[in-house]
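# here are the coordinates; sequence isn't available:
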């Protein structure tokens with residue numbers, strides 16, 4: 001399978017919330033078709049097999065994604081939850097979720113899109129009610145709005161992922177230092 005989604009946030013619910021990229025600027029939507037939603041579910045490992053999604057499933061996924069993003073952001077900032085987002089998150093978490101099964105080849109999870117969304121909602125609830133809340137950070141790249149779990153030593157990580165934002169930030173800082181450094185003349 002050719003992976004074309006990025007999973008750098010440390011939790012599937014956070015990676016799910018990050019499927020609307022550059023929220024403050026260009027707003028790049030990852031879920032443009034049911035096939036793209038299905039690809040995300042499979043690539044994320046939330047499920048191993050999936051009943052194909054419909055346009056209604058895409059809309060439901062976008063609504064849940066925004067509810068997850070709003071509740072994660074509120075929790076990270078120590079603010080009150082948006083009541084509508086919280087209701088949607090909790091309501092989705094109460095629905096039947098994808099259930100893993102043990103097979104001779106290991107764990108296997110087949111689901112409908114609704115069951116996959118319920119599993120993601122439960123992961124968000126567990127995250128926001130669990131011990132990793134103090135480790136939630138937003139990426140230091142001003143164009144990126146991913147929230148990630150910072151498990152680095154000293155919790156000093158500044159960006160969601162080295163491959164995506166970290167390299168860009170470091171390269172820009174290096175170029176800025178080079179431009180402002182005084183020229184050194186040769187002999």
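Perfect, thanks for sending it. As the structure is a prediction and not an experimental result, all values here were calculated from the model.
# would you map the strands across this structure?
Counting by DSSP state E, the chain has strands at residues 20-21, 28-29, 49-50, 101-103, 106-108, 110-111, 136-138, 147-149.
# and among the ones you listed, the most buried is which?
Of these, the one with the most neighbours on average (mean count of other C-beta atoms under 10 Å) is strand 147-149, at a mean of 22. Bear in mind the C-beta positions are built from the backbone N, C-alpha and C, glycine included.
# tell me what it is packed against?
Applying 3 or more C-beta pairs under 8 Å, 6 or more residues apart in numbering; DSSP states H and E, we find strand 147-149 packed against helix 12-17, helix 55-77, strand 136-138.
# give me the residues contacting the last one.
Put plainly, it is strand 136-138. Contacting residues not belonging to strand 136-138 are listed as 72-73, 75-76, 145-150, 155, 157 [C-beta atoms under 8 Å, 6 or more residues apart in numbering].
# from these, which is closest to residue 93?
Nearest to residue 93, judged by C-beta to C-beta, of these is residue 72 at 14.1 Å.
# now the closest residue in space to the closest one that isn't next to it in sequence: how far from residue 13?
Using C-beta to C-beta, 6 or more residues apart in numbering and skipping the chain neighbours, the partner closest in space to residue 72 is residue 147 (5.3 Å). Here the criterion is C-beta to C-beta, to the nearest Å. By it, residue 147 lies 10 Å from residue 13.
# what's the overlap in contacts for those two?
By the contact definition C-beta under 8 Å, 6+ apart, residue 147 and residue 13 are jointly contacted by residue 72.
# what's the pLDDT at the nearest residue to residue 157 once chain neighbours are set aside?
If the residues on either side of it in the chain are set aside, residue 157 comes closest to residue 150, at 4.5 Å by C-beta to C-beta, 6+ apart. Note on residue 150: pLDDT of 95.
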